[in-house]
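Peer 1: What follows is a protein structure lacking sequence information:
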């Protein structure tokens, strides 16, 4: 088994495992941190995974194990960026909004990423794994290391937030 060989220090086996999951891991990372940070986050997470691999208790669960490492690394990056943006907002005040760029114009339609970027990272990840990857609640729970009930709660909250954003956008368009 490749995971067992990689855990024993076989770099080629680890490389094969990474190649098999690379596209999926990058898609998962994009759902949490966006396009610009995704590949860097995955690479950082894979370095951590390589170092921790000898301690992997169940090599047959390598896929979900490495997915959780990527997901947690992405959550940390997203949190770091939120703190940086909050600090910039505190320093710049109202000027921050003009630097951040114009708000989307409702009559031109909402850009999906603009909506998704306003969701918490866990909600974005759950939506991504549900819609894009077509995973079940149980599979998502395993990938993210959370309970299936939490998956459903994150999905419900994400849908509620998207509906609220859509309503806000429509109301803003109606006032014009």
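Peer 2: Okay, I see it. The shown structure was predicted, so the numbers you read here are calculated from the model rather than taken from an experiment.

Peer 1: Apart from its chain neighbours, what residue comes closest to residue 16?
Peer 2: residue 2 (5.6 Å; Cβ to Cβ, 6 or more residues apart in numbering). C-beta here means a position set from N, CA and C on the backbone, and glycine is covered the same way.

Peer 1: That neighbour against residue 17, yeah?
Peer 2: Yes: counting by Cβ atoms under 8 Å, residue 17 is a contact partner of residue 2 at 5.3 Å.

Peer 1: quick one, which of the two is more surrounded?
Peer 2: Between residue 2 and residue 17, counting by other Cβ atoms under 10 Å, residue 17 is the more crowded of the two (22 against 16).

Peer 1: Work out for me the element the more buried one sits within.
Peer 2: Per DSSP states H and E: residue 17 is located in helix 11-33.

Peer 1: Can you give me the buried ones in that helix?
Peer 2: 13-14, 17-18, 21, 24-26, 28-33 (16 or more other Cβ atoms under 10 Å).

Peer 1: For this protein, spot the helix or strand the model is least confident about on average.
Peer 2: Least confident element among the helices and strands of the chain, by mean pLDDT, DSSP states H and E: helix 95-100 (a mean of 39).

Peer 1: what's residue 148 sitting at in phi/psi?
Peer 2: Backbone torsions of residue 148, given as degrees, to the nearest 10, read phi -60, psi -30.

Peer 1: count of neighbours near it?
Peer 2: Residues contacting residue 148 under the criterion other Cβ under 10 Å number 14.

Peer 1: same thing with residue 65?
Peer 2: 20.

Peer 1: tell me the contacts of it?
Peer 2: 49, 56, 58 (Cβ atoms under 8 Å, 6 or more residues apart in numbering).

Peer 1: helix or strand for it, which one?
Peer 2: Going by DSSP H and E, residue 65 is part of helix 62-92.

Peer 1: can you give me the mean pLDDT across that helix?
Peer 2: Mean per-residue pLDDT for helix 62-92: 75.

Peer 1: try stretch 35-48
Peer 2: The model assigns stretch 35-48 a mean pLDDT of 91.

Peer 1: who touches the closest residue to residue 48 other than its chain neighbours in this structure?
Peer 2: Residue nearest to residue 48 in three dimensions, not counting chain neighbours: residue 69, with 5.8 Å by Cβ to Cβ, 6+ apart. Contact partners of residue 69, counting by Cβ under 8 Å, 6+ apart, are 45-46, 48-49, 52.
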